[in-house]
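Colleague: Curious how this folds, go ahead:
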Amino acid sequence: MHKRSIFKNIKLYKTIVVLTAILSSSLLIVKAETSNDKTLVITANRTEQNINDILAAVDIITREDIERIQPESITDLLANISGFDFAFSGGAGQTSSLFTRGSSSDHTLIIIDGVRVGSATLGNKSFSDIPVAQIERIEIVRGSRASLWGSDAIAGVIQIFTRRLNVGQYSIEATVGSDDFVATNLSVGFGSEKISNTVTVSLEESAGFDAFNDASEFGSDSEPDNDGYQRISAAIRGDYELSNETNLDWVFQYDDGENSFDNFFGDNENEYQNNFWNIRYTHTVGKWQSEFSVKQSNDKASSFDSRVEQSDGSIFKTQRNQVNAVTHYDWMDEVNLSAGVDYYKDDVGGTTVNLEVEERTSKAAFISSIVNVNRFIGEFSARYDDVDSAGSENTFNISLGYKILDNVTLSASRAKGFKAPTFNDLYFPNFSNSDLVSEVSYNTEFLIKAHWKKHSLMLVGYENKVDQLIAFSFNPVTFEFLPFNIDKASLKGHEVVYKYQQGSLSHKITASFVDAIDKSIDSFTSEAKNEQLLRRAKEHYGYELIAALGDFSFFVQANYIGKRRDNDFSTFPATPVSLKSHIKVNIGATFQAAEQLSFKFKVSDFTDSNESTVFNYNAPGQQVYFTVQYRNF
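Modeller: Residues are numbered from 1 along each chain as shown. The predicted model follows:
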């Protein structure tokens, strides 16, 4: 079989050469004005690093960003991240899918305060369950990180850190908006010299709008109702300085909510109760730092038809017990070594569906090293995972970088990732296959980073080949419709992120291009399909402007989303359809009326583009929000 090396991929190679030439032509300009950005990131390599020294595409969202953008949901907050593509089945309280760099919706690992969250039966975390009011900071790493984080991190990792206030600080705010939207949240910091805690409570509800519209020339909309939601969240995060060398920190969060939704299958009500906790002990002495964590996450979702009792619906419940131990050693100024073990035990015994197996454990060990010698940077990691019923996987990451100037870095990387099959894939009655193995990916990436006094620029070219993808297929021998490891995909793309600070004006420009090609074999023609994967747009462009003028500040966000393929699943066989490209514009302003009092105003989808990203599902259209905030910091 003929194998073509990624380095011979003409399109990718030409792009890197062009980007390097463009950047090189600017070197004389940027050489004298280096940036002193000291932003630290922990998610990329599970140890603290300066963001400019990381050989991966990284984005940071701070609480200040959240305050300015005034997002209605976490998906609204992530919309301007290069390489992210969302498909929405309605509004903020409805189902959404994230296709990072064109990958599957369950190929991005979601972590909250170091805890893996989500359903072991469904295999992902619902974004609608994550309240924005609880978020202090988000670290986003694009590209495979399975050699450090294990399963699911094929396309990237999103780690969310919950609110942290200083002792004596407090904040309270209330928001009203379109579709009878009402939200309130309160955060308070309290404690003593060595103990600090932050408590945050948030409530949110909306009457919603009609999410699904299957009206046609042959009939009216089958469910012409508003699909609203409500949710409440409470969390405490704290730490205790036991001594100069040791620290204990903890977090506990509880989320409860419900929402109405429309679909083809009858169920139209959903309720969830999720919680997680994490207790971590950290010890630092000399060149050694070690941490030990005990964690648990619980994810419970029940779906039922509004015309019947909830007890007659379906319940999917996951309890995941987690233990992690990691040690870091600064061998010398230029070399950092890390090693760790991860243990997870998933229990889905509370699920009403009769699964053949209800428990499984995952055990893993990893090693990693960061080398920074003269102008050379290296990131190396390897990991072994043993997942019950899915076998074992060895993953790796090799990244090599060179600083052509103090503020310009070129790098190349190669990494392997995997995604273990879910409980539903393996054991769901009549629709599962216990012989499934993990989906596997190989990602090659080229990266250029430059930062100088008022500017930063990141250029990325990548190719991710994903094999053994799980997909349903009809077995003509047994007459069963079951999942098999039969699909494959080729994900190639480029990303551009440029930021410029001009006095009180802050600009951000993003562009991403992805060819997410389905390489699976058509069962009728026996040939590769070679078509763009469903619901993935090839092109995304974004612009964000933030300005401060005295007591006023305002922002403008504009995002262009290209056209995408979808299917009309109400027909058999499903009918291919095309969804239009569109531009969504958000605007907002903040007025600082007093030192502690501010008023905020936002219009989402200002031009009322109202374009759908999933066939037959409505978009919210133009929405208006007004917020009052009082805080003593």
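Colleague: strand partners of the strand or helix carrying Asn394, parallel vs antiparallel please.
Modeller: Using DSSP states H and E, Asn394 sits within strand 391-405. Partners of strand 391-405 in the sheet, by DSSP bridges, are strand 376-387 (antiparallel), strand 408-419 (antiparallel).
Colleague: Report the contact partners of the residue positioned nearest the centre of the chain.
Modeller: The residue lying closest to the centre of the chain (CA atoms, centre = their mean) is Ile158, at 4.3 Å. By CB atoms under 8 Å, 6 or more residues apart in numbering, Ile158 lies in contact with 78, 108-111, 138-140. C-beta coordinates here come from the backbone N, C-alpha and C atoms, glycine included.
Colleague: Recalculate using a threshold of 10 Å.
Modeller: 43, 59, 61, 74, 78, 81, 84, 98, 100, 108-112, 125, 127, 130, 138-142 (CB atoms under 10 Å, 6 or more residues apart in numbering).
Colleague: what would the strands paired with strand 391-405 look like in a markdown table with distance to Val199, mean pLDDT and mean neighbour count?
Modeller: Shown next, in a markdown table, are these (distance: least, CB to CB, whole Å; pLDDT from 0 to 100; neighbours: other CB atoms under 10 Å):
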| stretch | distance to Val199 | mean pLDDT | mean neighbour count |
| --- | --- | --- | --- |
| strand 376-387 | 36 | 98 | 19 |
| strand 408-419 | 36 | 98 | 23 |
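Colleague: would a markdown table of these with distance to Ser581 be doable?
Modeller: As requested, those are arranged in a markdown table below (distance: least, CB to CB, whole Å):
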| stretch | distance to Ser581 |
| --- | --- |
| strand 376-387 | 37 |
| strand 408-419 | 30 |
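Colleague: Which one, of the ones you listed, ends up nearest to Asp210?
Modeller: Asp210 lies closest to strand 408-419 among these, at 34.3 Å (CB to CB).
Colleague: Which secondary structure elements does the next helix or strand after that closest one sit against?
Modeller: As assigned by DSSP H and E, the chain's next helix or strand after strand 408-419 is helix 423-427. In this structure, helix 423-427 makes packing contacts with strand 314-332, strand 359-373, strand 480-502, judged by 3 or more CB pairs under 10 Å, 6 or more residues apart in numbering; DSSP states H and E.
Colleague: Could you check the next helix or strand after helix 423-427 and say which residues are buried?
Modeller: Per DSSP H and E, the first helix or strand lying C-terminal to helix 423-427 is strand 439-452. Buried residues in strand 439-452, counting neighbours by 16 or more other CB atoms under 10 Å, are found at 439-441, 443-452.
Colleague: any idea how far strand 439-452 is from the chain center?
Modeller: Here the centre of strand 439-452 is set off from its chain's centre by 17 Å, with CA atoms, centre = their mean, to the nearest Å.
Colleague: name the helices or strands packed onto that strand?
Modeller: Judged by 3+ CB pairs under 10 Å, 6+ apart, strand 439-452 is in contact with helix 10-24, helix 27-30, strand 57-62, helix 146-149, strand 391-405, strand 408-419, strand 455-475, strand 480-502.
Colleague: can you do 6 Å?
Modeller: On a contact count with 3 or more CB pairs under 6 Å, 6 or more residues apart in numbering; DSSP states H and E, strand 439-452 meets helix 10-24, strand 408-419, strand 455-475.
Colleague: Mind listing what's buried along the longest one?
Modeller: When you say that, I think you mean strand 455-475. By 16+ other CB under 10 Å, the buried positions in strand 455-475 come out as 455-466, 468-470.
Colleague: That one - contacts with which helices or strands?
Modeller: When contacts are defined as 3+ CB pairs under 6 Å, 6+ apart, strand 455-475 packs onto helix 10-24, strand 439-452, strand 480-502.
Colleague: Name the stretch among these that sits most buried.
Modeller: Using mean count of other CB atoms under 10 Å, the stretch among the helices and strands packed on strand 455-475 with the largest mean neighbour count is strand 439-452, at a mean of 23.
Colleague: how much does that strand deviate in direction from strand 480-502?
Modeller: 0 degrees (axes from the mean of the first three to the mean of the last three CA atoms, to 10 degrees).
Colleague: Mean pLDDT and distance to Arg565 added to the helices and strands packed on strand 455-475, as JSON lines?
Modeller: Converted to JSON lines, these look like this (pLDDT from 0 to 100; distance: least, CB to CB, whole Å):
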{"stretch": "helix 10-24", "mean pLDDT": "46", "distance to Arg565": "21"}
{"stretch": "strand 439-452", "mean pLDDT": "97", "distance to Arg565": "21"}
{"stretch": "strand 480-502", "mean pLDDT": "94", "distance to Arg565": "14"}
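Colleague: Same list (these) but as a markdown table, adding distance to Arg163.
Modeller: Converted to a markdown table, these look like this (distance: least, CB to CB, whole Å):
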| stretch | distance to Arg163 |
| --- | --- |
| helix 10-24 | 38 |
| strand 439-452 | 29 |
| strand 480-502 | 25 |
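Colleague: between the ones you listed, which gets nearest to Pro573?
Modeller: Using CB to CB, the helices and strands packed on strand 455-475 put strand 480-502 closest to Pro573, at 13.3 Å.
Colleague: Can you name the residues bridging to Ala234?
Modeller: Applying DSSP bridges, one finds that Ala234 bridges with Val201, Tyr254.
Colleague: pLDDT wise, what is it at?
Modeller: Here, the pLDDT recorded for Ala234 equals 98.
Colleague: Likewise for the one 3 residues further on?
Modeller: Among the per-residue scores, Arg237 holds a pLDDT of 98.
Colleague: For it, grab phi and psi.
Modeller: Per-residue torsions, Arg237: phi -130, psi 130 (degrees, to the nearest 10).
Colleague: I am assuming it contacts Thr198, so please confirm or correct that.
Modeller: Yes: with contact defined as CB atoms under 6 Å, Arg237 reaches Thr198; the gap is 5.0 Å.
Colleague: Mutual contacts of those two, please.
Modeller: Residues touching both Arg237 and Thr198 (CB atoms under 6 Å, 6 or more residues apart in numbering): Arg164.
Colleague: residues in contact with Ile470?
Modeller: Ile470 makes contact with 425, 483, 485, according to CB under 6 Å, 6+ apart.
Colleague: Mind doing that once more with 7 Å?
Modeller: 421, 425, 436, 439, 483, 485 (CB atoms under 7 Å, 6 or more residues apart in numbering).
Colleague: dump the residue contacts of the nearest residue to the last one once chain neighbours are set aside.
Modeller: Of all residues not flanking Asn485 in the chain, Gln468 sits nearest, at 4.1 Å (CB to CB, 6 or more residues apart in numbering). Contacts here follow CB under 7 Å, 6+ apart; on that basis Gln468 touches 437-440, 485.
Colleague: mind redoing it with 8 Å?
Modeller: With CB under 8 Å, 6+ apart, Gln468 has these contacts: 437-440, 485, 488.
Colleague: got it, and Leu77?
Modeller: Listed by CB under 8 Å, 6+ apart, the contact partners of Leu77 are 61, 65-66, 69, 71, 132, 135, 138.
Colleague: neighbours around the spatially closest residue to Ala390 that is not a sequence neighbour, how many?
Modeller: Nearest-residue entry for Ala390: Ala420, 4.5 Å, with adjacent residues in sequence omitted and distances by CB to CB, 6+ apart. A count of nearby residues for Ala420, using other CB atoms under 10 Å, gives 24.
Colleague: same check, this time on Leu597
Modeller: Neighbour number of Leu597 under other CB under 10 Å is 12.
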